[in-house]
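Visitor: Sequence first, then the predicted structure, then my questions.
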Amino acid sequence: MNNLPKIPSWKYWKIIGEPILRGKARYFPCACVCGLKRYQHESNLVFGNSESCGCVGIQRRKEEIYKEIKSTIGKKSGKLRITRLLEIRRNRAVYESTCTC
């Protein structure tokens, strides 16, 4: 693996083998921290255009949703007080609420 590009950081990718050539482009076999293996174009690694397979972004969105949920429970919406979380559907929270009248 002596022909690896000089990359300051691969973020969540780890190069796991020798590159393959497709035309003039070099593609490196990479493994994401979640375990997914994929070939990445050299320029995507060099310029940081690809940080992960997408798993990191999904995890960040989940964390944002849970922060929102924690801050929402106990608040009032009109005459309804949000009491607890019932479920999460398609990245949206479904709450149980009680009337305060």
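Guide: Yes, it's here.

Visitor: And the strands in the protein, which stretches?
Guide: With DSSP state E as the criterion, the chain has strands at 13-15, 20-22, 25-32, 37-41, 76-77, 80-89, 92-99.

Visitor: Val56 is nearest to which of those strands?
Guide: strand 25-32 (8.4 Å; C-beta to C-beta). No exception for glycine: its C-beta is placed from N, CA and C like everyone else's.

Visitor: Mind listing what's buried along that closest one?
Guide: By neighbour count on 16 or more other C-beta atoms under 10 Å, the buried set for strand 25-32 is Arg26, Tyr27, Phe28, Cys30, Ala31, Cys32.

Visitor: what bridges to the third one?
Guide: Here Phe28 shows beta-bridge partners Gln40, assigned using DSSP bridges.

Visitor: quick one on the thing from earlier: which of the strands of the chain sits closest to Glu63?
Guide: strand 80-89 (12.7 Å).

Visitor: Would you check how far apart the closest residue to Leu86 other than its chain neighbours and Arg84 are?
Guide: Nearest-residue entry for Leu86: Val94, 4.7 Å, with adjacent residues in sequence omitted and distances by C-beta to C-beta, 6 or more residues apart in numbering. As judged by C-beta to C-beta, to the nearest Å, Val94 and Arg84 stand 10 Å apart.

Visitor: next one: Tyr66
Guide: In terms of C-beta to C-beta, Tyr66 sits 14 Å off from Arg84.

Visitor: With Cys53 instead?
Guide: 34 Å.

Visitor: With Gly35 instead?
Guide: 34 Å.

Visitor: Have a look at those two and say which one is more surrounded.
Guide: Arg84 (11 against 8; other C-beta atoms under 10 Å).

Visitor: and that one, what does it touch?
Guide: Ile73, Tyr95, Glu96 (C-beta atoms under 8 Å, 6 or more residues apart in numbering).

Visitor: where does the first one land on pLDDT?
Guide: Yep, that's Ile73 we're talking about. pLDDT, Ile73: 86.

Visitor: What are the structural domain limits within this protein?
Guide: 1-53, 55-99 (automatic domain parsing).
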